[in-house]
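*Asks:* Provided below for reference: sequence and predicted model.
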Amino acid sequence: MFKKIFSQLSTGKSWYTYFRYEENEEKRTGARNVLLVVSTLIAAVTFQAGVNPPGGVWQDTEKKHIAGRAIYASQPQAYKVFLIANTVAFSSAILVIISLTHRFPFQLEVFVATISMMVTYASAIFAVTPRESVRFRYVILTVSGPFILRALIHLFSKFFGEQKGQSKLPEVTPGRVSQ
């Protein structure tokens, strides 16, 4: 009886192997849609975490804190790690969204909305973060990091990558090297 139930629950394949992305089997549209959904979820979660930081904000002003500032910022090192990691995840998700919606209908509207969301995120972080906790130039650098990295990768591949179907690097096969 247990064998029959187990055989109905399991196909014998690993779920990871079954759902793994296969370049030859997947259509680009399907992969793009999955990436858009995942990056949109990441952007939404990280935006919310930036606007409403873990632990919330102080409700009253006292000697050691100001109302409206992040409670988590009272642990400066941990808050810096949170803020930097959350900002990298947010800006990376925005970069993926902008990249995948290039040449879509309403591309301008999507671009304006995502840039506005980035400005809203930045203003929320500036509002809840005490000035002494984090240097904002590092936050700005963190936001621009994924965009700068993508631009450098693009430039590197343009200058050192393949040109007109021919690779500048020698092709290596077992036992010999062809030029």
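*Replies:* Yep, it's here.

*Asks:* going forward, measure contacts between C-alpha atoms and count neighbours the same way
*Replies:* Will do.

*Asks:* what about the closest residue to Ala73 other than its chain neighbours, neighbour count?
*Replies:* Counting by C-alpha to C-alpha, 6 or more residues apart in numbering, Ala73 lies nearest to Tyr79, which is 5.2 Å off, once chain neighbours are set aside. With neighbours defined by other C-alpha atoms under 10 Å, the count for Tyr79 comes to 20.

*Asks:* can you check Glu62 too?
*Replies:* Glu62 - counted by other C-alpha under 10 Å - has 9 other residues nearby.

*Asks:* where do the strands sit along this protein?
*Replies:* According to DSSP state E, the chain carries its strands in the segments 171-173, 176-178.

*Asks:* Thr142 contacts Val88, doesn't it?
*Replies:* Yes: with contact defined as C-alpha atoms under 8 Å, Thr142 reaches Val88; the gap is 6.1 Å.

*Asks:* one step back: report the separation between the residue nearest to Ala73 and Pro146.
*Replies:* Using C-alpha to C-alpha, to the nearest Å, we find Tyr79 at a distance of 21 Å from Pro146.

*Asks:* repeat that for Phe47.
*Replies:* Taken as C-alpha to C-alpha, the span from Phe47 to Pro146 is 16 Å.

*Asks:* more neighbours, those two?
*Replies:* A direct count of neighbours by other C-alpha under 10 Å for Phe47 and Pro146 places Phe47 higher, at 24 against 20.

*Asks:* the more buried one: what's it in contact with?
*Replies:* Residues near Phe47 by C-alpha atoms under 8 Å, 6 or more residues apart in numbering: Phe90, Tyr121.

*Asks:* so where's the chain uncertain?
*Replies:* 1-26, 133-134, 162-179 (pLDDT under 70).

*Asks:* lovely, talk soon.
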